[in-house]
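> sequence and predicted structure, then a few things I'm wondering about:
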Amino acid sequence: MTISVIIPAYNVASYIGETLDSLLAQTYTDYEVVVINDGSTDDTEAAIAPYRERFGERMFYQRQANNGLAKARNAGLRAARGRYIALLDADDLWVPEFLEKMLALLESDPALDLVFPNAWFWGSPNFSGREFQAVFPASEPVTFEKVLRRECYVFGLVLFKRELLETVGYYDEALGASEDFDLWLRMLRQGCRFGFTREPLVQYRWRAESLSNNSDKLLNNLSKVYHKWLRDPAITTEQRALIEAQLRDADAMLNWSLYRAKLQSGDYQLAAQHLALANAHYRKLKLSLVQLGLRVVPGLVAKLAAR
């Protein structure tokens, strides 16, 4: 078996059939599919059932208690038998040539360890129809520092050499999100080489309930990643300074988001506290004036902010 396709599934009964259909439509067929049902409470299992017959021995299916995305992906990785690992989310779609083109790219250069595609946003209120790399750019070379600074974004439906896991380990299950960001950093720090294509090969579905669309949770977990790396004794002085700068920026963005939420809910005291923490980083006169307004005329500030 050349490729193991890992699909974690949680409450995706409405989507996973389309996803598995896109896998069945692949022009490259030397693959297995590993589906981990992470304790779904909807009809996900029933939606998968007919595909277990269609894939036959090429599908490994496991249902487990809900433990989160990182543990589900790790369960899939441990069950995988392929020489390469491909990641597919249970609500996204591959174009028919995805595996063929990604494998050709990976094998075009023996020095490459991981490759990732471009994608189209699908269903997003802000980006639908646009290419992922037009919003979140990628550039050569893909380096630890560029990925850390969010100057180069790795689209998550990657294809990589399974042997990398022996060197860098699996997903960090202590991270509630951003676990893939942490894994890419570990790979790059170990000297792994990443490549990518600008050709969109994925329809990347936007869902309001998706964890990837909850900015506060993402920022919280991004901070967890930064704190984790700051505890790493092997990081250089330059890397530490860069991580600390990214942590300050993430914390400021989170406090700004929390300020907006508290202002909208009418909790002006907490809104003022979060705004003060954000502005300690941004140091903008306009925000200082808003802080003053929250102490004097908070209702007016809320009305102005709602416009």
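Right, received. Where do you want to start? Numbers count the residues shown, from 1 in each chain.

> give me the three-state assignment for residue 167.
Under the three-state scheme (DSSP: H, G, I helix; E, B strand; the rest coil), residue 167 adopts helix.

> begin at 865 from here
Right, with 865 as the first residue, what we last looked at is residue 1031.

> quick check: it touching residue 1052?
No - between residue 1031 and residue 1052 no contact is recorded; they are 12.0 Å apart, counting by CB atoms under 8 Å. Placement of C-beta: from N, CA and C, glycine included.

> the two: who's more crowded?
More crowded of residue 1031 and residue 1052, by other CB atoms under 10 Å: residue 1052, with 24 against 13.

> show me the shaky parts of this structure.
For the chain, applying pLDDT under 70 flags the ranges 1072-1078.

> give the other helices and strands that the top strand by length along it contacts.
Among all segments of the chain classified by DSSP state E, the strand with the greatest residue count is strand 1058-1069. Counting by 3 or more CB pairs under 8 Å, 6 or more residues apart in numbering; DSSP states H and E, the packing neighbours recorded for strand 1058-1069 are strand 957-958, helix 962-971, strand 978-986, helix 996-999, helix 1043-1053.

> how about those in a markdown table, adding distance to residue 1025?
A markdown table is the format used below for these (distance: least, CB to CB, whole Å):
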| stretch | distance to residue 1025 |
| --- | --- |
| strand 957-958 | 19 |
| helix 962-971 | 8 |
| strand 978-986 | 7 |
| helix 996-999 | 23 |
| helix 1043-1053 | 10 |
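
> alpha carbons of the longest strand of the chain, in PDB - could you do that?
As requested, the backbone C-alpha atoms of strand 1058-1069 are provided in PDB (Å, rounded to 0.1, in the frame of the first residue of the first chain):
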ATOM      1  CA  PHE A1058       8.300  21.200   2.300                       C
ATOM      2  CA  GLY A1059       7.100  21.800  -1.200                       C
ATOM      3  CA  PHE A1060       3.800  23.000  -2.500                       C
ATOM      4  CA  THR A1061       1.700  23.600  -5.600                       C
ATOM      5  CA  ARG A1062      -0.200  26.700  -6.500                       C
ATOM      6  CA  GLU A1063      -2.800  24.600  -8.300                       C
ATOM      7  CA  PRO A1064      -6.000  24.300  -6.300                       C
ATOM      8  CA  LEU A1065      -6.700  20.600  -5.700                       C
ATOM      9  CA  VAL A1066      -9.200  20.900  -2.800                       C
ATOM     10  CA  GLN A1067     -12.600  22.300  -2.100                       C
ATOM     11  CA  TYR A1068     -12.100  23.600   1.500                       C
ATOM     12  CA  ARG A1069     -15.500  23.800   3.100                       C
END
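
> C-terminal to that strand, what's the next element?
Following the chain from strand 1058-1069 toward its C-terminal end, the next helix or strand by DSSP states H and E is helix 1079-1094.

> off-centre distance for the very next helix or strand once past that following helix?
Towards the C-terminus, the helix or strand next in line after helix 1079-1094, according to DSSP H and E, is helix 1101-1129. Offset of helix 1101-1129 from its chain centre (CA atoms, centre = their mean, to the nearest Å): 18 Å.
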